[in-house]
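Q: give me coordinates for this.
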Amino acid sequence: MTDQPIPLFLNPVAGRGRAGKRASSIRDILQASGLEATIVESTGVGDLENRVLEHSRRQSGTFIIAGGDGSVYEAINGVLRSGRDSPFGLVPTGTGNDFAKACGISLDWEAAARLLAGRIAEGVATRSVDAGKMNDRYFANGAGIGFDAKVNRIARKYRWPIGDLVYLMAVLEGLWDGVLTPTVKMTFNGQEYNGRITLANVSNGAWVGGMFYIAPDAENDDGHLDLVFAEPVTRRRVLALLPGLIKGTHVGEPDIQCHTINDFELIADAPVPSHLDGEPQPMQTSFQISLKKNALSVL
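A: Below is the predicted model:
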């Protein structure tokens, strides 16, 4: 039994409302292992981040997130802004759950809660996980610039209970009004790329959008990031690449480039969309991305 209740942070509308509906059940599972938990619900965008920031600054103790990649995004920004090492566990209740996949966490929320409760009760050591930083914001799983960010914005408006398929539907809608191919200057590994691209994805984990295996070699504890970018392609070529992006067999295609990096810069000739862990960022032209090695302690 811990001395103080463990905060269980969640966005009640995460995963189309699944996080809020399952909160009391997750708390019961924790209590069955002798762990007291206090449910802390966010009230809006940014509130979960601020609550985790306050927790980390005040006691820097273990906490739990019940949610998807958006909740993880807010939580890790709270932790890393605090400058403290606050270990956390995750019970995945989101739509894509890309970070959970990257960490080998069961996507069965009940199984994940039971395993997490056991690890905390037994005092199992945390594992160190890398993070990334784009401009002034941190990410746990990945940063996307260009077409995949456009697709992500489309997917967020859907409220259909079809899981990962919302991202596939968003790709098809995104193709309808054209493929973004901004002109950019990218710098990485002492190399420079000048020209148009369809997308640039900097991955800490292998998956994006729940179903796209965009960076098959990415591991979030290997001390580097994985850059995947697509040269300008047509609608028809995007459709042809989709099966490979789902299976991870797109690597090696002539219009796809993959690189292992620690730092990355992209300058676009006009503002382009971007996302961090699926969370839309302001339209901008300048992106500086860096690795934060062993930045997070995950239960």
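Q: pretty sure Y193 is touching M186, no?
A: Yes - taking contacts as CB atoms under 8 Å, Y193 lies within contact range of M186: 4.3 Å. Heads up, the C-betas are built off the backbone N, CA and C, glycines and all.
Q: so these two - more neighbours on which side?
A: Just comparing Y193 and M186: by other CB atoms under 10 Å the higher neighbour count belongs to M186, 22 against 16.
Q: identify the residues contacting the more buried one.
A: Residues in contact with M186 (CB atoms under 8 Å, 6 or more residues apart in numbering) are E192, Y193, N194, I197, A200, F229, F264, E265, L266, I267.
Q: that's a helix at it, yeah?
A: No - the assignment for M186, made by DSSP: H, G, I helix; E, B strand; the rest coil, is strand rather than a helix.
Q: who does it bridge with?
A: Counting by DSSP bridges, M186 forms beta bridges with Y193, L266.
Q: domains of the protein?
A: In the assignment given by automatic domain parsing, the structural domains of the chain cover 6-125, 137-293.
Q: relative to P254, which of the contacts of M186 is nearest.
A: The closest of the contacts of M186 to P254 turns out to be F229 (CB to CB; 13.0 Å).
Q: how about the secondary structure of that closest one?
A: Each residue gets one of three states, and F229 gets strand by three-state DSSP.
Q: which one is it nearest to, not counting chain neighbours?
A: Closest residue to F229 in three dimensions, ignoring its sequence neighbours and counting by CB to CB, 6 or more residues apart in numbering: A200, at 4.2 Å.
Q: wait, doesn't that neighbour sit right on I145?
A: Yes - counting by CB under 8 Å, I145 is a contact partner of A200 at 4.6 Å.
Q: what sits in contact with each of those two?
A: Shared contacts of A200 and I145 (CB under 8 Å, 6+ apart): L266.
Q: mind listing the strands for the stretch 1-150 of the chain?
A: In the stretch 1-150 of the chain, the segments counted as strands under DSSP state E, counting those that start in this stretch are 6-10, 37-41, 63-67, 88-92, 127-134, 137-139, 142-146.
Q: the first one to strand 88-92, inter-axis angle?
A: What that stands for is strand 6-10. 40 degrees (axes from the mean of the first three to the mean of the last three CA atoms, to 10 degrees).
Q: near R127, how many other residues are there?
A: Applying the criterion other CB under 10 Å, we find 15 residues in the vicinity of R127.
Q: distance of it from I105?
A: R127 sits 11 Å away from I105, taking CB to CB, to the nearest Å as the criterion.
Q: which residues does I256 contact?
A: V228, F229, A230, E231, L241, H250.
Q: what's the answer for A113, then?
A: The neighbours of A113, taking CB under 8 Å, 6+ apart as the test, are S25, I26, I29, L30, V91.
Q: try 6 Å
A: Contacts were defined as CB atoms under 6 Å, 6 or more residues apart in numbering; by that measure A113 touches I26, I29, V91.
Q: can you pick the most crowded of these?
A: Within those, neighbour counts (other CB under 10 Å) peak at V91, which reaches 29 neighbours.
Q: go ahead and name everything in contact with stretch 279-292.
A: Counting by CB under 6 Å, 6+ apart, residues outside stretch 279-292 touching it are 70, 73, 131, 133-135, 143, 153, 202, 225, 262-268, 271, 274.
Q: out of the residues you listed, which are buried?
A: With neighbours counted using 16 or more other CB atoms under 10 Å, those contain these buried positions: G70, Y73, A131, K133, M134, A143, V202, L225, F264, L266, A268, S274.
Q: quick check, the last one in a strand?
A: Yes - membership of S274 in a strand is supported by three-state DSSP.
Q: on that earlier part again, so among the contacts of I256, where is pLDDT lowest?
A: When the contacts of I256 are sorted by pLDDT, the bottom entry is L241 at 84.
Q: how about the contacts made by it?
A: H250.
Q: next one: C103
A: C103 is in contact with V298, counting by CB under 6 Å, 6+ apart.
Q: cool, I261 as well?
A: Per CB under 6 Å, 6+ apart, neighbours of I261: F188, N189, L225, L227.
Q: buried residues in stretch 180-187?
A: Of the residues in stretch 180-187, those with enough neighbours to count as buried (16+ other CB under 10 Å) are L180, T181, P182, V184, M186.
Q: N11 and G68 touch, don't they?
A: No - counting by CB atoms under 6 Å, no contact exists between N11 and G68, whose distance comes to 8.5 Å.
Q: pLDDT below threshold where in the stretch 1-150 of the chain?
A: Scanning the stretch 1-150 of the chain for pLDDT under 70 picks out 1-3.
Q: what angle sits between the longest strand anywhere in the chain and strand 127-134?
A: When secondary structure is assigned using DSSP state E, the longest strand within the chain turns out to be strand 279-298. Using the same axes, to 10 degrees, the direction of strand 279-298 lies 150 degrees away from that of strand 127-134.
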